[in-house]
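Engineer: Quick one, fold the following:
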Amino acid sequence: MKLWLWSAPTELKKRFVEANSKLEAIFKDGLGDKRKDMYELRGLATDPAMQGRGYGSALVTTLIVMADAAGRGIWLLTTSAYTFYEPFGFRVVSSVVIGADNPKWDGEPVTARLMVRPANSADS
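Structural biologist: Okay, here's the model as predicted:
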């Protein structure tokens with residue numbers, strides 16, 4: 001368990017455990033043992049004021065070139081940005097809704113999507 005979680009409120013701990021278990025299930029379902037041999041794209045975000053200038057695309061393209069050269073696929077987890085990654089050859093292989101069955105969830109449920117791009121995809 002993450003260190004910050006020890007001091008978190010009880011409800012937050014429950015939500016973390018719920019989300020983590022659901023995400024681990026889609027990783028197992030969508031990637032299986034291949035996960036350890038793939039690159040992970042994590043934490044890519046562009047300031048909304050800077051979007052549309054190609055910065056994110058340049059970073060994704062660079063990772064694709066590196067992964068293809070190494071013969072490795074790439075996986076990522078996203079909520080709403082899946083349409084950004086599709087033109088690069090990423091496809092949703094599994095998804096899960098977090099918060100839908102929780103009466104204490106504050107806000108709309110979140111759909112987490114696991115996306116994969118195989119190595120040397122024809123879309124590169």
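
Engineer: Quick one: neighbours of residue 36, just the number.
Structural biologist: 7 (other Cβ atoms under 10 Å). C-beta here means a position set from N, CA and C on the backbone, and glycine is covered the same way.

Engineer: Can you show me the helices along the chain?
Structural biologist: Assigned by DSSP state H, the helices in the chain fall at 10-30, 55-70, 82-85.

Engineer: Dump these to a markdown table, plus mean pLDDT and mean neighbour count.
Structural biologist: As requested, the helices of the chain are exported to a markdown table (pLDDT from 0 to 100; neighbours: other Cβ atoms under 10 Å):
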| stretch | mean pLDDT | mean neighbour count |
| --- | --- | --- |
| helix 10-30 | 81 | 14 |
| helix 55-70 | 95 | 15 |
| helix 82-85 | 95 | 16 |
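
Engineer: Next, format these as JSON lines and append distance to residue 44.
Structural biologist: Formatted as JSON lines, the helices of the chain follow (distance: least, Cβ to Cβ, whole Å):
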{"stretch": "helix 10-30", "distance to residue 44": "18"}
{"stretch": "helix 55-70", "distance to residue 44": "6"}
{"stretch": "helix 82-85", "distance to residue 44": "9"}
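
Engineer: which one of these lies closest to residue 96?
Structural biologist: helix 10-30 (4.6 Å; Cβ to Cβ).

Engineer: what sits against the residue nearest the centre of the chain?
Structural biologist: Nearest to the geometric centre of the chain sits residue 77, at 0.7 Å (Cα atoms, centre = their mean). If you count contacts by Cβ atoms under 8 Å, 6 or more residues apart in numbering, residue 77 has them with 23, 42, 112, 113, 114, 115.

Engineer: And it, what's its pLDDT?
Structural biologist: Among the per-residue scores, residue 77 shows a pLDDT of 93.

Engineer: Next: the one 4 residues further on.
Structural biologist: In this model, residue 81 is scored at 92, pLDDT.

Engineer: Let me know how buried it is, in neighbour terms.
Structural biologist: 15.

Engineer: For residue 106, see how far away it is.
Structural biologist: Distance of residue 81 to residue 106, computed by Cβ to Cβ, to the nearest Å: 22 Å.

Engineer: again, but for residue 59
Structural biologist: For residue 59, the distance to residue 106 - Cβ to Cβ - is 32 Å.

Engineer: That'll do, ta.
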